[in-house]
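>>> Predicted model and sequence follow; I will ask about them next.
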Amino acid sequence: MSLPHCTVVDHPLVQHKLTLMREKDTSTYSFRALLREIAHLLAYEVTRELPVADVTIETPLTTMQAPKLDGKKLALISILRAGNGLLDGVMDLIPSARVGFVGLYRDPETLEPVQYYFKVPDLLDQRMVIAVDPMLATGNSSAAAIDLLKQAGATNIRFLCLLAAPEGIARMKEAHPDVPIVTAAVDSHLNDHGYIVPGLGDAGDRLYGTK
């Protein structure tokens, strides 16, 4: 299903696994495994426009022209810390991708992002860049991360998340209308603490077993 600026991957396997992740009694181990599995499925959609070029190969029967990925290897950018849960799953499918990290945390009072780390591959202007973070809530941290990636030269960017709130989608569309969003679901709203409702809680805490 496609919404303005946002594609929702409503495949039954994605939705089934997401339901399991939402349940409050799902263990840390299961949550982590499910996120990795969903990342595999979401990766198909977010990489749909990767460039390819025909090359000549030999099959056991004949010579043929067949497509292979073309251009610079794509860059996967994890928005720490929860982004690593999606990163691992996407890397299973694209192990040759270059990887970078943006460290941001959300100030609990202002809900504004605070940067503490930034390390990304070179030549971002020549790569498709996929930023990953499970939760698109207020959108402030995501928009700030994309700001940093553009400052580093990125021009072809996608944003991959597990859950999105309408407020986060609107914020991203306002700040970065050129960055498509791919997600497994768009939930109802944000609560007073900036959490997605019904959501699944704090993705980082559930992923790593912290409070």
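Sure thing, it's come through. Just so it is clear, the model here is predicted, and its values are computed rather than measured.

>>> all contacts plus neighbour counts: C-alpha atoms, from now on.
OK.

>>> From Val129, how far out is Val120?
10 Å (C-alpha to C-alpha, to the nearest Å).

>>> Other residues contacting stretch 92-108?
Contacts of stretch 92-108 with the rest of the structure, by C-alpha atoms under 8 Å, 6 or more residues apart in numbering, involve 40, 43, 73-81, 91, 112-121, 141, 145, 193.

>>> Buried among these? Make that a ChimeraX selection.
To isolate the buried members of the contacts of stretch 92-108 in ChimeraX, using 16 or more other C-alpha atoms under 10 Å:
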select :40,43,73,74,75,76,77,78,79,80,81,91,113,118,120,121,141,145
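
>>> Model confidence score at the closest residue to Gly153 other than its chain neighbours, please.
Using C-alpha to C-alpha, 6 or more residues apart in numbering and skipping the chain neighbours, the partner closest in space to Gly153 is Asp125 (4.9 Å). pLDDT recorded at Asp125 is 95.

>>> The strand ranked longest in the chain pairs with which strands, and in what direction?
Longest strand in the chain, counting residues (DSSP state E): strand 98-106. Next to strand 98-106 in the sheet, as set by DSSP bridges, lie strand 75-80 (parallel), strand 113-119 (antiparallel).

>>> Could you double-check that Asn140 sits in contact with Pro113?
Yes: look at Asn140 against Pro113 with C-alpha atoms under 8 Å: they come within range, at 6.3 Å.

>>> The host helix or strand of Leu149 to strand 75-80, inter-axis angle?
Leu149 is part of helix 140-151, with elements assigned from DSSP states H and E. Using axes from the mean of the first three to the mean of the last three C-alpha atoms, to 10 degrees, the inter-axis angle of helix 140-151 relative to strand 75-80 is 140 degrees.

>>> show me the residues around Ala131 that make contact.
Ala131 neighbours (C-alpha under 8 Å, 6+ apart): Leu76, Ile77, Ser78, Ile79, Ile146, Ile157, Arg158, Phe159, Leu160.
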